[in-house]
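Colleague: I'll drop the sequence and a predicted model, then ask my questions.
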Amino acid sequence: MTALYIILAVVAVIMLLLLIPADCILEFSYNNKENNGSVIIKYAFLKFKIFPNDKVEEEVENEEETTDKEEKQEKSDILGIITLIKEVYKQLKKDILNLLDYIICHAIKIKELNVSSKFGMGNPMYTGIATGAVNAGVYNAVGWIDRRMKLEKWDVSLDADFNNACLDMDIYCKLRTNCLYVLTIGFKMVKVVLKIQKINRRIKENG
């Protein structure tokens, strides 16, 4: 009986871990001088900074002469990739769309989306035209996201500067999923990848 309780406890812990929410926080800011961005993953009490990488890596530049043979090989590789993409699109279009639909409509929800921007063209007339275009584009995009995904909270602030030429922009997006969804996506992706490898082998065999 004790063994049964232990097994049930282990199963309960595994299910709990699978159902704990995992958040992905995307941040991007841009102004006339510089741009910054970050990608942070949060799971339970763990926090991982994916981008930018704080470790400074030394880059060694090696200049090598490219021979005609290497150039031909590069062109051949590019043509091979293009052929593979065409075949994958032709044969796996439905599988890929189903995978994307599952990710967008079921596996991921947007907990929070904030978009703010201040922009100006330096000319009142052009700024007015840009204001109409930017508002239509941004609000239509947010509306599409709200229809296709689970969007819980959003805020858009677009301010036009009719006197100066400027562009400041801040985007904050908090995505939420859980490990159960991630595992499901992984299994679905493995199936697609195996099919892609099969197509690639067939292309190489046929020359």
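Modeller: That came through fine.
Colleague: which residue is the nearest non-sequential neighbour of the residue nearest in space to the middle of the chain?
Modeller: When C-alpha atoms, centre = their mean is applied to the chain, the residue found nearest the centroid is residue 26 (9.4 Å). Of all residues not flanking residue 26 in the chain, residue 173 sits nearest, at 4.4 Å (C-beta to C-beta, 6 or more residues apart in numbering). For the C-beta atoms, the positions are set from N, CA and C on the backbone; glycine is no exception.
Colleague: same question, residue 135
Modeller: residue 158 (5.8 Å).
Colleague: my assumption is that the one you found lies in a helix; please confirm.
Modeller: No: assigned with DSSP: H, G, I helix; E, B strand; the rest coil, residue 158 falls outside any helix and is strand.
Colleague: was I right about it contacting residue 138?
Modeller: Yes: using C-beta atoms under 8 Å, residue 158 is in contact with residue 138, at 6.4 Å.
Colleague: output the contacting helices and strands for the longest helix seen in the chain.
Modeller: Using DSSP state H, we find that the single longest helix of the chain is helix 68-102. Helix 68-102 sits against helix 179-206, with contacts defined as 3 or more C-beta pairs under 8 Å, 6 or more residues apart in numbering; DSSP states H and E.
Colleague: so residue 169 is in which element?
Modeller: Per DSSP states H and E: residue 169 is located in strand 165-178.
Colleague: strands paired with that strand, and their directions?
Modeller: Sheet pairing of strand 165-178 (DSSP bridges) gives strand 21-30 (antiparallel), strand 109-121 (antiparallel).
Colleague: how about those in TSV, adding mean pLDDT and distance to residue 81?
Modeller: Shown next, in TSV, are the strands paired with strand 165-178 (pLDDT from 0 to 100; distance: least, C-beta to C-beta, whole Å):
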stretch	mean pLDDT	distance to residue 81
strand 21-30	93	28
strand 109-121	94	33
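Colleague: just name the most buried of the ones you listed.
Modeller: Stretch with highest mean neighbour count among the strands paired with strand 165-178: strand 109-121 (a mean of 18; mean count of other C-beta atoms under 10 Å).
Colleague: and the next helix or strand after that strand, what does it pack against?
Modeller: Helices and strands here follow DSSP H and E; after strand 109-121, the next one along the chain is helix 124-148. For helix 124-148, the packing partners by 3+ C-beta pairs under 8 Å, 6+ apart come out as strand 109-121, strand 154-160.
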